[in-house]
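**Q** one predicted model, sequence on top.
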Amino acid sequence: MRVQPFEGAPKVDDSPHQFRQIVERHQARVYSIAFRITGDCGVAEEVAQDVFLELHRNLRRLESEHHVAAWLRRVACHRATDALRRRAARADSIAEEYQDGMALRPAAREFIPLMNRVEQLLLTLPPAQRSVMLLRYQEDLEPEDIALELAMPLATVRSHLQRAIKMLREKAQRTLKEYSRG
Amino acid sequence: MVEPMDQLSENFDSDLREQLRPRSAPLGFADRVMARVAADRAPRPVRFPFGRPLWRWAAVAALVAVTVLGGLEHDRQQRIAGQQAREQVLLALRITGLTLRQVQQKVDAQEKPLSDKENQSR
């Protein structure tokens, strides 16, 4: 799905009624990005609320629903990654946990029953790869659009996608073997 | 919610799409966002130095102005009263000087014939 800018479209209405409709239309997308990057329901809700509050403050600058959706995706990825970094700074380095295949942070482990297998595997990826994977598979964006939205070189996006898919596939197969062995 | 891994390995790409479909936001999420937006929209009380609101600063400023203006007015009235007193003193002195001069002239006029008589008698 390529993001096409609206030419000459009216600016987005920021009245409470219209804004509520925007929230209801995009809440699942924003919350899912935040949840799948942070791996924590509480943090995800906080991040998602902050993103919508920030959207409300910036709504007059956005020209169309397409811009709103793109803006929400981009800011949700950034804010969720920031929240993750803040938590990682408080706890021990999260990088050590990445090295250990399926190891998740204790906070994320508590919410495993709420997450499906792919979401759990996704949490083992570095945050930049998580963002790229979410925009590709949750938001169904092409790599070119992901590069635009995350202000990332296209080659980097492709590289993140390849590495993330390879890593997820390996982890999935490893888990499958463990699952089969019982 | 946990999918069998064999399905995942068969068609990885479509499984990723399937399992990464947007999940629902928590119940009441939009209400909570709107509540925060409303709170964000509400005008915040203006912060003043030392945490005092504007009317208190206005009252203090008025009090200072009244005190200063009152002091200036008091000074002006004192100065006018002083000036009037000075003028009255000068007037009194002038009157006194004039009177003394008249008295002196009378005394001189009376003393002059006496001295003439004394000279004639010598």
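**A** Yep, that arrived. Numbering: from 1, shown residues only, chains lettered A, B, ... in the order given.

**Q** in chain A, where is pLDDT below threshold?
**A** A:1-12, A:91-114, A:176, A:178-182 (pLDDT under 70).

**Q** in it, which spans are helices?
**A** A:16-38, A:41-58, A:65-90, A:95-99, A:106-110, A:117-122, A:127-133, A:143-149, A:154-181 (DSSP state H).

**Q** and the first one with helix A:41-58, angle?
**A** Relative orientation of helix A:16-38 and helix A:41-58, computed by axes from the mean of the first three to the mean of the last three C-alpha atoms, to 10 degrees: 140 degrees.

**Q** list the helices and strands helix A:16-38 packs on?
**A** The contact analysis (3 or more C-beta pairs under 8 Å, 6 or more residues apart in numbering or on different chains; DSSP states H and E) places helix A:16-38 against helix A:41-58, helix A:65-90, helix A:117-122, helix A:127-133, helix B:29-41. (Each C-beta comes from the backbone N, C-alpha and C, glycine too.)

**Q** quick test: name the residue nearest the centre of chain A.
**A** A:Ile33 (3.2 Å; C-alpha atoms, centre = their mean).

**Q** wait, it touches A:Ala80, no?
**A** Yes: the pair A:Ile33 / A:Ala80 is scored as a contact, 6.1 Å apart, by C-beta atoms under 8 Å.

**Q** determine the residues that are contacts of both of those two.
**A** A:Ser131 (C-beta atoms under 8 Å, 6 or more residues apart in numbering or on different chains).

**Q** how many residues are close by A:Leu148?
**A** The number of residues packed near A:Leu148 is 17, by other C-beta atoms under 10 Å in any protein chain shown.

**Q** same question for A:Glu139.
**A** By other C-beta under 10 Å, neighbour count at A:Glu139 equals 22.

**Q** again, but for the one 3 residues further on
**A** For A:Glu142, the number of neighbouring residues by other C-beta under 10 Å comes to 15.

**Q** same check, this time on the one 5 residues further on
**A** A:Ala147 sits with 19 neighbouring residues when counted by other C-beta under 10 Å.

**Q** that one against A:Ser159, yeah?
**A** No: applying C-beta under 8 Å as the test, A:Ala147 and A:Ser159 come out as separate, 11.1 Å apart.

**Q** mutual contacts of the two, please.
**A** Counting by C-beta under 8 Å, 6+ apart, A:Ala147 and A:Ser159 have no contacts in common.

**Q** circling back: any chance of the helices and strands packed on helix A:16-38 in a markdown table, plus distance to B:Pro53 and mean neighbour count?
**A** A markdown table is the format used below for the helices and strands packed on helix A:16-38 (distance: least, C-beta to C-beta, whole Å; neighbours: other C-beta atoms under 10 Å in any protein chain shown):
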| stretch | distance to B:Pro53 | mean neighbour count |
| --- | --- | --- |
| helix A:41-58 | 26 | 20 |
| helix A:65-90 | 35 | 19 |
| helix A:117-122 | 51 | 22 |
| helix A:127-133 | 45 | 23 |
| helix B:29-41 | 21 | 15 |
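
**Q** residues making contact with stretch A:50-58?
**A** Residues from elsewhere that reach stretch A:50-58 (C-beta under 8 Å, 6+ apart): A:14, A:19, A:22-23, A:27, A:30, A:34, A:62, A:68, A:71-72, A:75-76, A:79, B:33, B:36-37, B:40.

**Q** not counting sequence-adjacent ones, nearest residue to A:Leu141?
**A** Nearest residue to A:Leu141 in three dimensions, chain neighbours excluded: A:Leu135, at 4.8 Å (C-beta to C-beta, 6 or more residues apart in numbering or on different chains).

**Q** what about the one residue sitting closest to the centre of chain B, which helix or strand?
**A** By C-alpha atoms, centre = their mean, chain B has its centre lying nearest to B:Ala61, at 2.8 Å. Using DSSP states H and E, B:Ala61 sits in helix B:54-121.

**Q** surely A:Ile165 and B:Phe12 touch.
**A** Yes: between A:Ile165 and B:Phe12 there is a contact under C-beta under 8 Å: 7.1 Å.
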